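**Student:** got a predicted model here, sequence first, then my questions.
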Amino acid sequence: MASALALHEVVVPAPGIPCVLSCVTDPHFRACLSDATRGRGSLRFVQTFGELITALRTSTIYTNAVVVPPRDSTGREATSAVREIAAQFPRIAVIAYCRSGVENSADIRGLAIAGVHEFLFAGEDSRLSIRAALDGAERECASELVMSVLARVLPPKVHPMAEACLARPGSVTNVEQLASATGLHRKTLYNHCVTAGAPPPAELLTWCRLGLVAHMLSQSGRTVESLANEYEFASPTALRNVLKRYSGLRASDIRGSGGVECIVRALEDKLAKIRPQLHVM
């Protein structure tokens, strides 16, 4: 049974060495997961979804991902636990370990709707497959969280552009790629930004990508070097310079003082300067 701790009592662990928390009891998969996570952080196993939620609420260990089966050892379905994790722990990526086949399609569909970020299937649980699923889930989780934060300040008209960038931040890095991803002409993108009182498309792309960088700096302990490579910045120095120019902060400042919220505050200041100009036009 899940812990009765109130939401305000949830422990928010400080970022550090990441931990994967798994509720899968299959011994073969546990061995594969142990092998795949070796050298990437720690790994903990629990038996039930109740234990998993309690661990997330009370542990001071930085958990960055959980792995769940369709049902736990008591027969409880995973969908309610996944929804609870998505609502209370939006920074945690969720991977489901399932069996493929038509007979399992209802489980897979229900888990996807509940908020699972990635799926691993029995028989496809090699070290590379597991690592790819963990990385993919972390990226999708980060994109969802950053979009939810940016959506508070960005005009709704440009949300589809931000979503397209955040969905593929390593490959949607210029206006031509953004036009292709959204199915809109680059001039249409520019007009949408102007009429909405948002930065032009190229600048909007940079704000979105910096939001992801800031989130990863503060939550995962990733280095500027690794993030510059993943998000296709010209170099670590180029990324540091862009962070400083847009936010007024160094990477180390962003890491220790709010992550993506630092970018949002700077973006709000930028939007406040654009909107008065919009009324004059």
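**Tutor:** That came in fine, so what should we check first?
**Student:** could the C-alpha coordinates of stretch 214-228 be exported in CSV?
**Tutor:** Only the C-alpha atoms of stretch 214-228 are listed here, as CSV (Å, rounded to 0.1, in the frame of the first residue of the first chain):
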residue,chain,number,x,y,z
ALA,A,214,19.2,24.6,-18.1
HIS,A,215,17.0,21.7,-17.0
MET,A,216,19.6,19.1,-17.6
LEU,A,217,22.3,21.2,-15.9
SER,A,218,20.2,21.5,-12.7
GLN,A,219,18.6,18.1,-12.7
SER,A,220,21.0,15.6,-14.1
GLY,A,221,24.4,17.0,-13.3
ARG,A,222,25.4,16.8,-17.0
THR,A,223,28.4,18.8,-18.2
VAL,A,224,28.3,21.7,-20.6
GLU,A,225,30.5,19.7,-22.9
SER,A,226,28.1,16.7,-23.1
LEU,A,227,25.0,19.0,-23.6
ALA,A,228,26.7,21.1,-26.3
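**Student:** buried ones in it, by neighbour count?
**Tutor:** A214, H215, M216, L217, S218, Q219, S220, G221, R222, V224, L227, A228 (16 or more other Cβ atoms under 10 Å). Bear in mind the C-beta positions are built from the backbone N, C-alpha and C, glycine included.
**Student:** save these as JSON lines, and put in distance to A114, secondary structure and pLDDT too.
**Tutor:** Shown next, in JSON lines, are the buried residues of stretch 214-228 (distance: Cβ to Cβ, whole Å; DSSP: H, G, I helix; E, B strand; the rest coil; pLDDT from 0 to 100):
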{"residue": "A214", "distance to A114": "28", "secondary structure": "helix", "pLDDT": "94"}
{"residue": "H215", "distance to A114": "23", "secondary structure": "helix", "pLDDT": "92"}
{"residue": "M216", "distance to A114": "25", "secondary structure": "helix", "pLDDT": "89"}
{"residue": "L217", "distance to A114": "29", "secondary structure": "helix", "pLDDT": "90"}
{"residue": "S218", "distance to A114": "27", "secondary structure": "helix", "pLDDT": "86"}
{"residue": "Q219", "distance to A114": "22", "secondary structure": "helix", "pLDDT": "81"}
{"residue": "S220", "distance to A114": "24", "secondary structure": "helix", "pLDDT": "74"}
{"residue": "G221", "distance to A114": "28", "secondary structure": "coil", "pLDDT": "71"}
{"residue": "R222", "distance to A114": "27", "secondary structure": "coil", "pLDDT": "81"}
{"residue": "V224", "distance to A114": "35", "secondary structure": "helix", "pLDDT": "93"}
{"residue": "L227", "distance to A114": "29", "secondary structure": "helix", "pLDDT": "93"}
{"residue": "A228", "distance to A114": "34", "secondary structure": "helix", "pLDDT": "94"}
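**Student:** which two from these end up farthest apart in space?
**Tutor:** Q219 and A228 (17.2 Å; Cβ to Cβ).
**Student:** centre-most residue in the chain?
**Tutor:** By Cα atoms, centre = their mean, the mean C-alpha position of the chain lies nearest to A142, the distance being 1.3 Å.
**Student:** who touches it in this structure?
**Tutor:** L212, H215, M216, Q219 (Cβ atoms under 8 Å, 6 or more residues apart in numbering).
**Student:** low-scoring stretches of the chain, by residue?
**Tutor:** For the chain, applying pLDDT under 70 flags the ranges 1-16, 276-281.
**Student:** run the last query once more with 50
**Tutor:** 1-12, 279-281 (pLDDT under 50).
**Student:** show me what counts as buried in the longest helix along it.
**Tutor:** If you go by DSSP state H, the chain has its longest helix at helix 127-150. Neighbour counts using 16+ other Cβ under 10 Å place 130, 133-134, 137-147, 149-150 of helix 127-150 among the buried residues.
**Student:** and the nearest residue to I130 once chain neighbours are set aside, how many neighbours does it have?
**Tutor:** Leaving aside its chain neighbours, I130 sits nearest to A36 (3.7 Å; criterion: Cβ to Cβ, 6 or more residues apart in numbering). A36 has 22 neighbours, counted by other Cβ atoms under 10 Å.
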